[in-house]
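In: Fold the stuff below for me.
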Amino acid sequence: MHTVRLFTSRGLRRLAVSVAVLWILPLMLMLPLMMLPSVAGALELRFAEFGPNRGTRAEALEWFAKELAQRTDGALTINFHWGKALLGTGAVLKGVGDGVADMGSIVGFLTPKELYYYNIGDLPVENSDEWVGMRAIHALATMDTHLAKEFADNHVTYITNYTTGPIQLICTRPVPNLAAVRGLKVRGSGPYGKTMTAMGAVVERMGQPAVYQALDSGLIECNQNYYYSMRAYKQYEVAQHVVELDWGQNMSFGIIMNQDVFKGLPKAQQQVLRDLGSDFIDHFARLMIEGRAADRQAMVHGIDGKRIDVSHWPAKDRARLIQAGEASIKEWLDGAAALKLDGQAVYEHYQRLIDQFAKQKADKGYPWR
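Out: Got it, this is the predicted structure:
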């Protein structure tokens, strides 16, 4: 006679666990697949930014990130690492190329050999309009095969550009003309500083954070700067005379992306980045132009009891200054020849683009007006 054994309570618990495992395990294995459609193609881009999360450029970057997310339906988002938290300023080109960051802001004069062609944007050419200048350098960087190869050799893709705006002098005493520059103690940088040296100035090199004390102590008498930076660093408190030179601008200054990351994106997203890079030019130029006017007005009218006086050199003196800057252009062209680069072709292309966008502005005005 066979005996039928009933499950004990312990056995029943084991059976229940076994059944649960048989049901739950497939669900757990399927869960990633169930979730996949909601995150498919989503990518958060790490952006290395040397500046703080404030000011005009930070505002423009936040606009860029918002637009990118909207135009890709959330597929591409940006995580900013502000204030050199991910990469130092001079390390961004290599860091983005190596994949430490996906995107980042570059300053060309910190990598003069790697981005020799791109450094054309810092030459003291007759080009002080933010929109014209940014349009010209953006077109050059996206259309010229020499610059395309230069960026590709560094394993990055150029996206868009910034500008510092036109260069002015802020001084502790009046500087009425070019002759007054001889012996003047000036903080300068790049080819503009070299030109001031050639005109007889005693040029010191230091970062903007150190300039306030240098002006206040008499170590320097003038500073090569831009209106927004004069206001941001409160230099008007210790120097109340601005010589409005409207002398060129620094534009070897833009946004890049890791080449593999860019090429790995769907074609539609690549096009979004190209279009947004172009739209950013208009957006940032408008912020800079309107901001420059507001900063100038605020300092002329007075802030905390301090206000600046604005003066201009005679036209012939400014023309001599522009002409003196041509020595830096020749130096750049000679350097390109020594490196067996076709600097002349790139320089001529750049000049044509400046003329093209200057004419467009003259004919049609700014695109936002």
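
In: When you work out contacts or count neighbours from here on, use the C-alpha atoms and nothing else.
Out: Fine.

In: What segments of the stretch 1-150 of the chain are helices?
Out: In the stretch 1-150 of the chain, the helices defined using DSSP state H, counting those that start in this stretch lie at 9-39, 56-71, 92-98, 130-143, 145-153.

In: With the stretch 151-300 of the chain instead?
Out: Using DSSP H, counting those that start in this stretch, the helices of the stretch 151-300 of the chain run over residues 190-198, 208-217, 227-232, 259-264, 267-301.

In: Output these as a markdown table; include the columns mean neighbour count, distance to T172 and mean pLDDT.
Out: What follows is those, written out as a markdown table (neighbours: other Cα atoms under 10 Å; distance: least, Cα to Cα, whole Å; pLDDT from 0 to 100):
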| stretch | mean neighbour count | distance to T172 | mean pLDDT |
| --- | --- | --- | --- |
| helix 190-198 | 20 | 17 | 93 |
| helix 208-217 | 16 | 7 | 95 |
| helix 227-232 | 19 | 13 | 92 |
| helix 259-264 | 16 | 47 | 98 |
| helix 267-301 | 17 | 15 | 97 |
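
In: quick one: which of these is nearest Q323?
Out: helix 190-198 (9.6 Å; Cα to Cα).

In: For that closest one, which outside residues touch it?
Out: The contact list for helix 190-198 (Cα atoms under 8 Å, 6 or more residues apart in numbering) reads 109, 122-124, 181, 187-188, 202-203, 321, 324-325, 327-328.

In: at 10 Å instead, please
Out: With Cα atoms under 10 Å, 6 or more residues apart in numbering as the test, helix 190-198 has contacts from 109, 122-124, 167, 178, 181-189, 199, 201-205, 224, 247-250, 321-329, 331-332.

In: Over to stretch 84-102?
Out: 44-52, 78-81, 83, 103-111, 114-115, 151-157, 255-262.

In: sorry, back to before: next, format the helices of the stretch 151-300 of the chain as JSON lines and append distance to P367.
Out: JSON lines is the format used below for the helices of the stretch 151-300 of the chain (distance: least, Cα to Cα, whole Å):
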{"stretch": "helix 190-198", "distance to P367": "30"}
{"stretch": "helix 208-217", "distance to P367": "33"}
{"stretch": "helix 227-232", "distance to P367": "23"}
{"stretch": "helix 259-264", "distance to P367": "28"}
{"stretch": "helix 267-301", "distance to P367": "7"}
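
In: Contact partners for A293?
Out: With Cα under 10 Å, 6+ apart, A293 has these contacts: 227-228.

In: quick thing: my sequence starts at 120, can you match it?
Out: Renumbered: residue one is now 120, and that last one reads A412.

In: how near is it to V419?
Out: A412 sits 11 Å away from V419, going by Cα to Cα, to the nearest Å.

In: Also V300?
Out: 23 Å.

In: Filter the contacts of helix 309-317 down to the buried ones and hand me the ChimeraX line.
Out: Only the buried entries of the contacts of helix 309-317 go into this ChimeraX selection, using 16 or more other Cα atoms under 10 Å:
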select :228,241,242,243,286,297,300,303,304,305,306,307,308,318,320,321,322,323,343,366,367,368,369,440,441,443,444,445,446,447,448,451
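
In: So which of the contacts of helix 309-317 are in strands?
Out: Under the assignment DSSP state E, the contacts of helix 309-317 contribute 286, 304-306, 321-323, 343, 366-368 to strands.

In: just curious, which of these is nearest to D192?
Out: Distances from D192 to the ones in strands among the contacts of helix 309-317, taken as Cα to Cα, are shortest for Q368 (35.9 Å).

In: The closest one bridge partners, please.
Out: P285 (DSSP bridges).

In: what's the distance between it and P310?
Out: 11 Å.

In: shared neighbours, these two?
Out: Common neighbours of Q368 and P310, counting by Cα under 10 Å, 6+ apart, are 241-243.

In: To what extent is D192 buried, counted in neighbours?
Out: Neighbour count of D192, defined by other Cα atoms under 10 Å: 11.

In: now swap in the one 4 residues further on and tell me
Out: If you count neighbours by other Cα under 10 Å, T196 ends up with 20.

In: Including distance to Q479, could the ones in strands among the contacts of helix 309-317 go into TSV?
Out: Listed next are the ones in strands among the contacts of helix 309-317 as TSV, based on distance: Cα to Cα, whole Å:
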residue	distance to Q479
I286	23
K304	39
V305	36
R306	35
V321	39
V322	37
E323	39
Q343	30
W366	21
G367	19
Q368	19
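
In: from those, which is closest to G252?
Out: Nearest to G252 among these, with distances taken as Cα to Cα, is Q368, at 7.9 Å.

In: Enumerate every residue touching D241.
Out: With Cα under 10 Å, 6+ apart, D241 has these contacts: 227-228, 282, 309-311, 367-372, 447-448.

In: Of the residues you listed, which is the nearest to A179?
Out: T282 (12.0 Å).

In: wait, doesn't that closest one sit right on F372?
Out: Yes: contact between T282 and F372 holds when scored by Cα atoms under 10 Å: they sit 6.5 Å apart.

In: any residues in contact with both of these two?
Out: Joint contacts of T282 and F372 (Cα under 10 Å, 6+ apart) are 240-241, 253, 256.

In: Max pairwise distance over the residues you listed: which two?
Out: Using Cα to Cα, the shared contacts of T282 and F372 reach their maximum pairwise distance at D241 and M253, which is 11.6 Å.

In: list residues touching both of those two?
Out: Applying Cα under 10 Å, 6+ apart, one finds that D241 and M253 are jointly contacted by 282, 368-372.

In: which two in those residues are spaced the farthest apart?
Out: Longest span within those, Cα to Cα: Q368 and F372, 10.4 Å.

In: Give me the domain ranges for this structure.
Out: As recorded under automatic domain parsing, the domains making up the chain are 159-282+370-407, 285-368+414-480.

In: Mind putting these into a markdown table with distance to R488?
Out: Putting the domains of the chain into a markdown table (distance: least, Cα to Cα, whole Å) gives the following:
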| stretch | distance to R488 |
| --- | --- |
| domain 159-282+370-407 | 10 |
| domain 285-368+414-480 | 11 |
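
In: Good, wrapping up.
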